[in-house]
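> got a sequence here, can you build the structure:
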Amino acid sequence: MSFLRSSLLFGASLVGAGAIALVGAGAASAESGINFSPGNDGLLNSGTGNTGILNGGVGNSGIANNLLGPGGLNSGIANGLLGGSGNQGIANLGNLNRGVANIGNGNTGLVNVGNANQGLVQVGNFNLGAVNVGNGRVGLLRLGF
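Model prediction:
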């Protein structure tokens with residue numbers, strides 16, 4: 001029984017010493033947390049200048065931005081996951097998108113595919129409104145090319 005108790009106390013002291021070493025290392029450097037590369041704040045970030053969890057690329061903040069592709073300056077969750085820069089929101093792919101699940105460049109809103117769309121479920125370019133397919137459409141349910 002004393003062997004078991006001694007083993008448990010020894011194991012607990014090792015864990016405590018390891019935790020103190022990690023805290024000391026984090027306090028002594030510019031970055032904090034457990035990251036894959038230096039210059040990041042948070043947990044499991046790669047790249048540089050990232051804040052949050054699992055961010056890659058450069059200058060991202062949030063969770064899983066630029067995780068699998070190049071880019072930077074994204075904020076939110078899973079923006080530029082496969083590549084892209086300057087996105088804000090959730091799951092935007094491309095560049096300069098704001099909102100949720102936009103694919104392309106310069107889209108604002110929800111589930112827009114293409115470029116410079118604003119609104120909800122736009123497919124094409126320069127659409128404004130909801131559920132438009134084509135280019136330059138304004139309004140609701142404008143379908144066709």
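
> contacts for stretch 66-80 next, please.
Under the contact criterion C-beta atoms under 8 Å, 6 or more residues apart in numbering, stretch 66-80 has outside partners 47, 49, 54-65, 81-95, 97. Where you see a C-beta, it was placed from the backbone N, CA and C, and this is true even at glycine.

> in the protein, which spans are helices?
Using DSSP state H, the helices of the chain run over 2-28.

> look at stretch 111-118 and report the distance between its end residues.
Start-to-end span of stretch 111-118 (C-alpha to C-alpha, to the nearest Å) is 10 Å.

> can you check stretch 78-89 too?
End-to-end distance of stretch 78-89 (C-alpha to C-alpha): 8 Å.

> so where's the protein shaky on pLDDT?
Applying pLDDT under 70 to the chain flags residues 1-31, 145.

> report the central residue of this protein.
The chain has residue 65 as the residue nearest its centroid, 2.1 Å off, counting by C-alpha atoms, centre = their mean.

> who's in contact with that residue?
Contacts of residue 65 (C-beta under 8 Å, 6+ apart): 50, 52, 55-57, 74-81, 87.

> what pairs with the residue nearest to residue 139 when sequence neighbours are not counted across the strands?
Nearest residue to residue 139 in three dimensions, chain neighbours excluded: residue 129, at 4.7 Å (C-beta to C-beta, 6 or more residues apart in numbering). On the basis of DSSP bridges, residue 129 is bridged to residue 119, residue 139.

> surely residue 129 meets residue 138?
Yes - the pair residue 129 / residue 138 is scored as a contact, 5.7 Å apart, by C-beta atoms under 8 Å.
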